[in-house]
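1. Sequence and predicted structure are below.
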Amino acid sequence: RIYNLGARKIVSVGVGPIGCSPKIRARNETEGCDEETNDWCARYNEAVVRLLQNLKSELKDFNYSFFNTYLLVHDFIERPSSH
């Protein structure tokens, strides 16, 4: 619908590592990230990128930018000393 209104450039922000949120970490005995939840977050982001790629191939003049917050935030959490 937004394309039909004239939008040709889309910015999409991926979901971050929800499994590393304080609420989820508090549920684990180790207080570490829940990797299963994070796996679903990563899969969701991959599906969004595939959808955007399909739209780009189907719609004239359609362009997008996808910011993968998952990778950035997860790296901050896993390797804080490198930032």
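-> It's in. Residues are numbered from 1 along each chain as shown.

2. any chance you could map the helices in the protein?
-> Here the chain has its helices, by DSSP state H, at 22-27, 35-58, 69-78.

3. most packed of these?
-> helix 69-78 (a mean of 16; mean count of other C-beta atoms under 10 Å). In short, each C-beta sits where N, CA and C put it, glycine included.

4. what's the closest of the helices of the chain to residue 1?
-> The closest of these to residue 1 is helix 35-58. By C-beta to C-beta, the value is 12.4 Å.

5. just checking, what packs against the closest one?
-> If you count contacts as 3 or more C-beta pairs under 8 Å, 6 or more residues apart in numbering; DSSP states H and E, helix 35-58 packs onto strand 9-13, strand 63-67, helix 69-78.

6. Specify the angle between that helix and helix 69-78 in degrees.
-> Orientation check (axes from the mean of the first three to the mean of the last three C-alpha atoms, to 10 degrees): helix 35-58 against helix 69-78 gives 150 degrees.

7. Quick check: mean pLDDT of helix 35-58?
-> Mean pLDDT, computed over helix 35-58, is 97.
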